[in-house]
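Participant: turn this into a structure:
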Amino acid sequence: MSEKNYSKEEFVKFWIKKSDESLSAAEDELKAGRLSFTVNRIYYACFYIVSALLLQKGLKFKKHSGVKASLHRNLIKRGLIDEKEGRFYNKLFEARQRGDYIEFVHFEKEQVEEWLQQANEFVKAVRALIK
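Facilitator: Model prediction:
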C-alpha cells in the first residue's frame, strides 16, 4: 500500500506504537546486557514519539537532524516541551550516533539505566501532547 492510503491519524498511531515497541526492546536489551543496542532503542523510542507529535502538527522530516531541529524550534521554543527534555534528546542523539557508528564505544550500565528511565518519562510527556 502506498502512503496515500493512510490518514495522518493512522501514521501518528503507527509512530506511537513504534515508540512503545522501542521502549520495550530497550528493556529487553538492557536485561541482556547489550548496552549499545539499549541506547539505540532508547533513542528511537524518543525519536518516534517526537515524530508522531510533529506529524500531528503537519510536520514530517526525512532526516533525524530535521526532527531534532524541529523539536527545538516548534516544541521547546514554543514552551510545549521543557528545555531539559531537549538537552536529554540531544544527548541521546549523540550517544546513539556514537554507539552505532564508532568502534569500541562503551556505555556505563548505570548511565544507560538512567537514560531508560528518563526516556520513559520523555515519551509519556510527549505522548500527553498528542491529541
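Participant: nearest residue to Gly99 in space, please, no chain neighbours.
Facilitator: Ser36 (4.1 Å; C-beta to C-beta, 6 or more residues apart in numbering). Every residue, glycine included, has its C-beta placed from N, CA and C.
Participant: and that neighbour, how many neighbours does it have?
Facilitator: Neighbourhood size, Ser36 [other C-beta atoms under 10 Å]: 16.
Participant: so what's it up against?
Facilitator: Listed by C-beta atoms under 8 Å, 6 or more residues apart in numbering, the contact partners of Ser36 are 99-100, 105, 107.
Participant: host element of it?
Facilitator: Ser36 is part of helix 35-56, with elements assigned from DSSP states H and E.
Participant: do Ile81 as well
Facilitator: Going by DSSP H and E, Ile81 is not in any helix or strand.
Participant: what's the answer for the one 3 residues further on, then?
Facilitator: Assigned by DSSP H and E, Lys84 falls within helix 83-101.
Participant: and that helix, which residues are buried?
Facilitator: Across helix 83-101, burial judged by 16 or more other C-beta atoms under 10 Å covers 85-86, 88-89, 92-93, 95-96, 99.
Participant: same check on stretch 9-23?
Facilitator: In stretch 9-23, counting by 16+ other C-beta under 10 Å, buried: 11-12, 15-16, 18-19, 22-23.
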